[in-house]
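Engineer: Quick one, what's the 3D model for this:
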Amino acid sequence: MLFSKKRMQTTELKDYNRQLEWIVGKWRSEFSGKVFWPTVPTMTFGEELIIQEAPMAKSANVQFLNFSARAWSHSTKDHFHDEWGFLTADLTGNATLITAGNNGFTTYEVGRVSSNKLVLVLKDIGRISFSRDLPVEDLRRTFIRHDDRYMEQILEMRTATHPKSGYLEHTRVAYTKMK
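Structural biologist: As a prediction, this is how the structure comes out:
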């Protein structure tokens, strides 16, 4: 198991985050993650995604959800990357995801949550100065819950070299909800 067995909190989500209840939980894909990009070989990976209630900061009076993702190579079991962050929504369906990853990137993404779907686009990105990756210029992250057991995440992006406009699909992961 990649994450601790600490019990997930089950307290009631605040009004503005109730619309995200469908995404809360532990989601896992052993080998259904796919990486696509013109400059790298297509490969398969596993990923565990945990989204759960975070303690509420009384000073901000905003409830966030903890967001964590850990990915590994399907074939070699080598560790790929981690993402840690916070997700929240307001009463009108505007959503924000803030992440930091061990790949040297931090993201600030905004979008809309609707019934069983969350679409986020890049608002800002930070990166360490010695990152070897091509600069990411735009990103769109989509979560779609297909039913009570299955959810998909699609990550599309544009770098300094690919494509000239719009997005190219970079990863797609189909998760199963864990109990």
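Engineer: How about G166, nearest residue that isn't a chain neighbour?
Structural biologist: R158 (6.9 Å; C-beta to C-beta, 6 or more residues apart in numbering). Heads up, the C-betas are built off the backbone N, CA and C, glycines and all.
Engineer: count of residues packed around the one you found?
Structural biologist: 21 (other C-beta atoms under 10 Å).
Engineer: partners of the residue most central in space within the chain in the sheet?
Structural biologist: For the chain, A69 is the residue whose C-alpha lies nearest the centre (C-alpha atoms, centre = their mean; 6.7 Å). Beta-bridge pairing of A69 under DSSP bridges involves L49, E83.
Engineer: Let's see the pLDDT reported for it.
Structural biologist: Listed pLDDT for A69 reads 97.
Engineer: Same check on the one 3 residues further on?
Structural biologist: At W72, the predicted lDDT confidence score is 93.
Engineer: contacts for whichever strand or helix holds it?
Structural biologist: Assigned by DSSP states H and E, W72 belongs to strand 65-73. By C-beta atoms under 8 Å, 6 or more residues apart in numbering, the residues outside strand 65-73 that reach it are 2-3, 17, 20, 23-24, 33, 43, 45-54, 78-88, 97, 99.
Engineer: Repeat that for stretch 82-91.
Structural biologist: Outside stretch 82-91, the residues that touch it by C-beta under 8 Å, 6+ apart are 15-17, 19-20, 23, 51, 54, 62-71, 95-102, 107, 113.
Engineer: same deal with stretch 14-25?
Structural biologist: Stretch 14-25 is contacted from outside by 8, 13, 50-53, 56, 63, 65, 87-91, 93, 95, 113, 115-116, 118, 143, 145, 151, 177-178, using C-beta under 8 Å, 6+ apart.
Engineer: and the host helix or strand of T176, average pLDDT?
Structural biologist: In this assignment (DSSP H and E), T176 forms part of strand 168-177. Mean pLDDT, strand 168-177: 95.
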